[in-house]
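In: please find the sequence and the predicted model below.
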Amino acid sequence: MAQLSSKVALVTGGARGIGRGIAVALAEAGADIAIADVEQISSPTQQYGTTAVGGFTAVQTTVAEISNLGRRAIAIQADVSRKDDVQRMVEETVRQLGSLDILVCNAGVVSFSTVEAMTEDAWDLTFAVNVKGIFLSCQAAIPVMKTGGGGCIINVASVAGKTGQPGMAHYCASKFAVVGFTNSLAKELAADNIRVNAICPGIVRTQMWEYLADKRKEQGESKEESWQRAIKTRIPLGRPQTPEDMGQLSVYLATAENVTGQAINVDGGIEFH
Ligand SMILES: NC(=O)c1ccc[n+]([C@@H]2O[C@H](COP(=O)([O-])OP(=O)(O)OC[C@H]3O[C@@H](n4cnc5c(N)ncnc54)[C@H](O)[C@@H]3O)[C@@H](O)[C@H]2O)c1
């Protein structure tokens with residue numbers, strides 16, 4: 001029998017990128033999947049130069065991919081920074097799939113700016129999605145998991161939650177916050193048999209890194225050269241990480257009964273703590 005059969009997982013920001021990799025891996029391991037994503041961010045600030053994050057356009061492709069694996073899959077339009085949306089997202093998951101055993105808080109945004117030039121909106125949006133979104137999602141899921149006798153929460157942090165980087169102080173601060181939140185919540189919920197861990201991806205070529213490679217170009221460099229430089233200079237193993245790598249660790253965490261409170265790097269050796 002598949003490791004996660006009869007389990008239900010909810011993956012935020014799961015339409016594409018790392019979230020998609022995690023959703024598909026959990027489905028391959030037997031779980032039914034709810035994907036929550038959003039099309040438009042309700043903020044005057046932009047992500048990737050536009051308020052349209054576009055996740056919900058991609059969601060049906062991912063839902064179809066999971067259905068083809070023989071698992072149940074549903075899509076829910078929800079902005080994780082909005083409490084009403086998050087409450088509805090959890091209620092819909094339970095109503096349509098019957099329970100909630102694994103919550104993956106993956107939705108996140110990035111922007112690139114020095115602190116001196118940073119707008120207040122850029123700071124606020126980063127924290128609204130990356131930190132408050134995780135708080136709201138966990139808060140909504142906890143009563144359901146307690147009723148079910150336990151559960152597993154996986155928060156997607158980053159290597160940027162372990163060491164600071166220039167041009168990304170708001171993003172790094174948000175990911176350090178995710179690591180601290182994860183460790184605290186793990187201790188808070190251990191007695192309820194709810195395990196809480198974080199994944200810290202290194203460099204994955206998603207839409208997020210397409211944007212970053214462009215923003216981090218040095219003088220005369222193309223986006224592709226900027227990407228290759230990031231891989232060569234920052235990753236000891238010399239190769240990028242993949243959404244599938246994050247899926248592999250998620251399946252492990254979903255089944256690792258004695259692992260909680262950890263923030264695990266999947267980064268080719270960038271970080272060692
Ligand atoms: N790509 C990397 O190298 C990398 C490295 C470390 C950490 N991360 C983290 O991994 C996670 C996924 O990033 P990715 O690289 O796949 O990016 P991505 O932009 O490709 O995917 C992010 C997904 O989140 C969705 N989303 C954005 N804001 C949302 C909101 N308010 N509510 C619901 N959904 C929302 C988007 O629509 C999209 O589907 C993020 O938390 C990111 O910070 C990424």
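Out: Received the coordinates, thanks.
In: going forward, measure contacts and count neighbours with C-alpha atoms only.
Out: OK.
In: I figured Leu4 hits Ile33, correct?
Out: No. Between Leu4 and Ile33 there is no contact under Cα atoms under 8 Å: 11.1 Å.
In: common neighbours of those two, please.
Out: Leu26 (Cα atoms under 8 Å, 6 or more residues apart in numbering).
In: same drill for the two, tell me which one is more crowded.
Out: Ile33 (28 against 20; other Cα atoms under 10 Å).
In: separation between that one and Thr12?
Out: 11 Å (Cα to Cα, to the nearest Å).
In: now Val259
Out: 22 Å.
In: between those two, which is the more surrounded one?
Out: Set side by side, Val259 and Thr12 show more neighbours around Thr12, with 32 against 14, by other Cα under 10 Å.
In: which residues of the stretch 151-273 of the chain lie near the ligand?
Out: Residues of the stretch 151-273 of the chain lying close to the ligand (Cα under 6 Å from any ligand atom) are Val156, Ala157, Ser158, Pro201, Gly202, Ile203, Val204, Arg205, Thr206, Gln207, Met208, Trp209.
In: tally of neighbours for the residue nearest to Ala141 when sequence neighbours are not counted?
Out: Using Cα to Cα, 6 or more residues apart in numbering and skipping residues adjacent in sequence, the residue nearest Ala141 is Val90, 6.5 Å away. Residues within reach of Val90, counting by other Cα under 10 Å, total 23.
In: Val90 contacts Ile142, doesn't it?
Out: No. Counting by Cα under 8 Å, Val90 does not reach Ile142; the two are 10.1 Å apart.
In: check which helix or strand covers Ile154.
Out: For Ile154, the host element (DSSP states H and E) is strand 151-156.
In: so which residues make contact with that strand?
Out: Residues contacting strand 151-156 (Cα under 8 Å, 6+ apart): 100-107, 134, 138, 145, 178, 182, 193-201, 250, 253-254.
In: fine by me, we can end here.
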